[in-house]
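>>> Pasting a predicted model and its sequence here:
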Amino acid sequence: MKVVSTDKAPAAIGPYSQGYISGGLVFVSGQTPVDPATGKFADDIAAQAEQSCRNVGEILKAAGSGYDKVIKTTCFLADIGDFKAFNEVYARYFTSKPARSCVAVKDLPLGVGCEIEAVAEL
């Protein structure tokens, strides 16, 4: 196993890694919409989805993979009412339409509106 780490995505806010490579796959930890340069996030769900997707992409890139190699994502929304706006952004990044689960949860870390985790081939 090999840890994946990049300063182009937010640092972990707990006892976990941004990602791991194992068995020809990269496992990307859930990425919130925190901007790694500022440590802040937008209020708007579309902007949050955009930043979460970019953060996933930076970790995939650091691992030697990319959006086109994503097999599965799991998406978490703080408000299922944001589903449509979230999907519109998500669809621009995950164009290969990987398998996906998307669920609404009670709360997300830091009070963000979305989080995305991914599994991809190398």
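Cool, got the structure. Computed from a prediction, not measured in an experiment: that's the story for all the values here.

>>> okay, CA-based contacts and neighbour counts for the rest of this
Will do.

>>> helices or strands up against the biggest helix by length in the chain?
If each helix of the chain is counted by residues according to DSSP state H, the longest one is helix 45-63. On a contact count with 3 or more C-alpha pairs under 8 Å, 6 or more residues apart in numbering; DSSP states H and E, helix 45-63 meets strand 2-4, strand 25-31, helix 83-93, strand 114-121.

>>> May I have the strands that pair with the following helix or strand past that helix, each with its orientation?
On the C-terminal side of helix 45-63, the closest following helix or strand by DSSP states H and E is strand 70-77. Each strand paired with strand 70-77, and its direction, by DSSP bridges: strand 99-104 (parallel), strand 114-121 (antiparallel).

>>> For residue 36, which of those strands is the nearest?
In this view, the strands paired with strand 70-77 are compared for proximity to residue 36 by C-alpha to C-alpha, and strand 114-121 is the closest at 14.7 Å.

>>> In contact with residue 108, which residues are there?
For residue 108, the contact set (C-alpha atoms under 8 Å, 6 or more residues apart in numbering) comprises 77, 78, 114, 115.
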